[in-house]
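Trainee: can't give you the sequence, but here's the structure:
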C-alpha cells in the first residue's frame, strides 16, 4: 500500500531555499509543512511569495496562520505556539493537522483532525538527544488496535532504511526532515526520488 511522503522544512531559513523547494515540487512533492518557529510573519511571507502560486495549495503552515487565506495554502498545523484555528480558515478544503507525542494523546486527538503526526518513532536526526518514544511491540499493538491508519503520519528519525518498517505498522505516511536537509542540493534531490519510490 502506498504511503504519503511529507517534507518538513528546516527550522531555519536556508540559502536558496525557495529554489530547492520548487525543485521538490517539480519532482512531485505533494505536501510541504512550512515550519519556521523563529521566523517572523514577514520572513514567512517572503518565502511564500518566492514559491510559484501553483504550489501554494500543497503547503501547510505551522505559524502565521493569517497568511493562509492571502496565499491559498492547503493546510494549517496546530502546535503549542498556535493551538487553535479560526473557523473562517477551515474552508476551501484546507486541512488541519497536529502533532502527537504519545499513543494516549493520539487516541484522544486523532478524530478531531484531518491527520496527525506521531513522534518520535525513531531517534531524531535533526534534534540531538530526541530519542524514540515507542518500542516496536508498542507500535505493533497500536496497529492491531486500529490506532495507526491512513491518517497517522510517522515522524522522527525517518530515513530510507526504516520506511519499510514504518509501513509494516500501518502508518499512512512518513514525514522527513533531517534525512533530507542534511544533504547538498543534487544529493538531496536524488534522495527525495529514492524516498518517493519507497513510499509508492
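Mentor: That came through, no problem. Just so we're clear, the structure is a prediction, and the values are computed from it rather than from any experiment.
Trainee: What about the nearest residue to residue 110 once chain neighbours are set aside, how many residues nearby?
Mentor: The shortest distance from residue 110 to any non-neighbouring residue, by C-beta to C-beta, 6 or more residues apart in numbering, is to residue 116 (5.2 Å). Backbone N, C-alpha and C define where each C-beta goes, glycine included. Counted with other C-beta atoms under 10 Å, the burial measure for residue 116 works out to 22 neighbours.
Trainee: same question, residue 52
Mentor: Here the count is done by other C-beta under 10 Å, and residue 52 has 11 residues near it.
Trainee: residues touching it, list them.
Mentor: Contacts of residue 52 were listed using C-beta atoms under 8 Å, 6 or more residues apart in numbering, and they are residue 22.
Trainee: circling back to that earlier point, wait, the residue nearest to residue 110 touches residue 101, no?
Mentor: No. Judged on C-beta atoms under 8 Å, residue 116 makes no contact with residue 101 at a distance of 10.4 Å.
Trainee: Where do the strands of this structure begin and end?
Mentor: 4-8, 31-34, 59-61, 75-78, 95-100, 115-118, 152-155, 173-176 (DSSP state E).
Trainee: Which one of those strands lies nearest to residue 164?
Mentor: Minimum separation from residue 164 across those (C-beta to C-beta) falls at strand 173-176, 10.8 Å.
Trainee: how far does the worst-scoring helix or strand of the chain on mean pLDDT sit from the chain's center?
Mentor: Counting by mean pLDDT, DSSP states H and E, the chain has its least confident helix or strand at helix 178-181, which shows a mean of 92. Relative to the mean C-alpha coordinate of its chain, helix 178-181 is positioned 12 Å out (C-alpha atoms, centre = their mean, to the nearest Å).
Trainee: List the buried residues of stretch 11-24.
Mentor: When burial is assessed from 16 or more other C-beta atoms under 10 Å, stretch 11-24 yields the following buried residues: 11, 17-18, 20-21, 24.
Trainee: Over to stretch 169-184?
Mentor: By 16+ other C-beta under 10 Å, the buried positions in stretch 169-184 come out as 169-181.
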